[in-house]
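>>> generate coordinates for the sequence data below:
(one chain, ligands or ions: 1)
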Amino acid sequence: MAIQTPAIEVENLVRQFGDVFALDHVSVSIRKGEFFSLLGPSGCGKTTLLRCIGGLDIPDEGVIRIDGTDAREIPAHKRPVNTVFQSYALFPHLTVRGNIAFGLQMKKVAKPEIEERVKRVMDMVQIAKLADRKPAQLSGGQKQRVALARAIVNEPSVLLLDEPLGALDLKLRKELQIELLALQRRLGITFVYVTHDQEEALVMSDRIAVMRAGKIEQMGEAEALYENPRTRYVSTFLGSCNLLEATVRQRTPTGAVVQTTVGELRVEGSIPDRNKFTLAIRPEKVALCAPGESAGENRIKVKVVEVIYIGSETHYVLKAGEQPLSAEAMNVKVGHQGFDIGQDAVVHLPAAGLLVLDD
Ligand code: ATP
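The predicted model follows:
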């Protein structure tokens, strides 16, 4: 099978502002038709990377290839790439229709074709009824749809989205996430999506790159990244994790037995050569049981310190001696879920859920 040219290839990209490396030798290859997210806290370089790909900023070092062509050979306005900003950046004096048509008019596309294409994208993002309104007469969610329509109408092969849902309230944001994902699947356009919201990245993305201080710390498919974070940073930025310092007591054919602050634990999988490392376990993999009913290995006595009921699930803050542990459980039982503050209980840390981190 022929290997498809990536939509975007970034190689060793550097962008420096004074002493700050906004991008510190970043390399990434984004496949055609992929929903790819750049995830990280404020200031980690997400927007800078997007701006360099879009031609709005020029890297100090490194190469960007768009559909196999060196981006330095393509001026920003000719790149098959469009950007949707959080701020919408709509023209206030133009109607919705005018805003969407603007780019095509600049490119001197024939009038009937503009009309046809503008109508089609307005239908697609469900704003046909708003065609004659000005941006000031629109809600945040409606403005976001117009911004999206204005980008899609150019039929770009890559759409760059910089926190496009950041200004919207949670409910609308969740609705638009699903719509945006459906639209992306339907159009087959490559989406490069910037967000600092880990849940949003997990919901939307085929693959995620987690960024930290100008570098990509880990990259992978959403599920693989969540299930197998390699560093403390990724394990706690993408979801939350219990972290336990471990010292190897015995190496076994399937892993090791380690000493931790919560007692001896059996760990599965490949164990590093060093004798000390950090173990991570997701709160939902920590199985909380009443003292008598516990099954499985790696059992630890705990006290329930806090119970946070959030409807479909409950979060528990536990203490194993002095070591805090968090556990999360779906509330599948009818009625009281069974654990109260101050209660003694047992947790079971399944060996397969204990991850060995690199740092
Ligand atoms: P946010 O989520 O807040 O937008 P980000 O991850 O997108 O953050 P960038 O905007 O890419 O981060 O910024 C990366 C770093 O580069 C930051 O430390 C920022 O202060 C710095 N930076 C970005 N643009 C400039 C500029 N034009 N001049 C000076 N420093 C800049």
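
>>> which helix or strand contains the closest residue to Arg65 other than its chain neighbours?
Nearest residue to Arg65, sequence neighbours excluded (C-beta to C-beta, 6 or more residues apart in numbering): Glu9, at 4.2 Å. Backbone N, C-alpha and C define where each C-beta goes, glycine included. Taking DSSP states H and E as the definition, Glu9 sits inside strand 8-17.

>>> what are the ranges of the helices in the stretch 151-300 of the chain?
Assigned by DSSP state H, counting those that start in this stretch, the stretch 151-300 of the chain shows helices spanning 170-187, 198-204, 222-227, 232-237.

>>> I'd like the ones you listed written out as JSON lines, with distance to Arg282 and mean pLDDT added.
Putting those into JSON lines (distance: least, C-beta to C-beta, whole Å; pLDDT from 0 to 100) gives the following:
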{"stretch": "helix 170-187", "distance to Arg282": "22", "mean pLDDT": "87"}
{"stretch": "helix 198-204", "distance to Arg282": "13", "mean pLDDT": "92"}
{"stretch": "helix 222-227", "distance to Arg282": "8", "mean pLDDT": "94"}
{"stretch": "helix 232-237", "distance to Arg282": "8", "mean pLDDT": "93"}
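
>>> re earlier: what pairs with the helix or strand following the strand holding Glu9, parallel or antiparallel?
Next in sequence after strand 8-17, counting helices and strands by DSSP H and E, comes strand 20-30. Partners of strand 20-30 in the sheet, by DSSP bridges, are strand 8-17 (antiparallel).

>>> relative to the whole chain's centre, how far out is stretch 190-200?
5 Å (C-alpha atoms, centre = their mean, to the nearest Å).

>>> wasn't His77 part of a strand?
No - using DSSP: H, G, I helix; E, B strand; the rest coil, the assignment for His77 is helix, not a strand.

>>> got the contact list for the spatially closest residue to it that is not a sequence neighbour?
Counting by C-beta to C-beta, 6+ apart, Gly55 is the residue found nearest to His77 once chain neighbours are left out, at 7.8 Å. Listed by C-beta atoms under 8 Å, 6 or more residues apart in numbering, the contact set of Gly55 reads Ala71, Ile74, Pro75, Ala76, His77, Arg79, Val81.

>>> ditto for Pro59
Contacts of Pro59 by C-beta under 8 Å, 6+ apart are Leu13, Val14, Arg15, Leu23, Cys52.

>>> for the residues you listed, work out which two are farthest apart.
The distance between the two most remote of the contacts of Pro59 (C-beta to C-beta) is 9.9 Å, for Val14 and Cys52.

>>> between the two, which has more neighbouring residues?
Cys52 (24 against 16; other C-beta atoms under 10 Å).

>>> run a quick neighbour tally on the residue of the stretch 251-359 of the chain found nearest the ligand.
At 21.4 Å from the ligand, Asp359 is the closest residue in the stretch 251-359 of the chain, using C-beta to the nearest ligand atom. Residues contacting Asp359 under the criterion other C-beta under 10 Å number 8.

>>> Leu355 too?
Leu355: 20 neighbours (other C-beta under 10 Å).

>>> roughly how far apart are it and Leu202?
Distance from Leu355 to Leu202, counting by C-beta to C-beta, to the nearest Å: 17 Å.

>>> about what we covered before: out of the contacts of Gly55, which end up buried?
Buried by 16 or more other C-beta atoms under 10 Å: Ala71, Ile74, Arg79, Val81, out of these.

>>> how about the residues of the stretch 1-150 of the chain by the ligand?
Those residues of the stretch 1-150 of the chain that sit near the ligand, judged by C-beta under 6 Å from any ligand atom, are Phe17, Val20, Ala22, Gly40, Ser42, Gly43, Cys44, Gly45, Lys46, Thr47, Thr48.

>>> re the thing from before, and the contacts of Gly55, which is closest to Glu297?
When the contacts of Gly55 are compared for distance to Glu297 (C-beta to C-beta), Val81 wins out at 51.8 Å.

>>> give me the buried positions along stretch 225-238.
Neighbour counts over stretch 225-238 (16+ other C-beta under 10 Å) mark Leu225, Tyr226, Pro229, Arg230, Thr231, Tyr233, Val234, Ser235, Phe237, Leu238 as buried.

>>> what's the neighbour count on the residue in the stretch 51-200 of the chain that the ligand sits nearest to?
Closest residue of the stretch 51-200 of the chain to the ligand, C-beta to the nearest ligand atom: His196 (5.3 Å). When neighbours are defined as other C-beta under 10 Å, His196 has 18 of them.

>>> now name the helix or strand holding the residue lying closest to it once chain neighbours are set aside.
Spatially, and ignoring its direct neighbours in sequence, His196 is nearest to Pro41 (5.8 Å; C-beta to C-beta, 6+ apart). Applying DSSP H and E as the criterion places Pro41 outside every helix and strand.

>>> report pLDDT for Pro41.
Listed pLDDT for Pro41 reads 91.

>>> state the distance from the closest residue to Ile189 other than its chain neighbours to Gln144.
With sequence-adjacent residues excluded and distances taken as C-beta to C-beta, 6+ apart, Ile189 is closest to Leu159, at 5.2 Å. Look at Leu159 and Gln144: by C-beta to C-beta, they are 13 Å apart.
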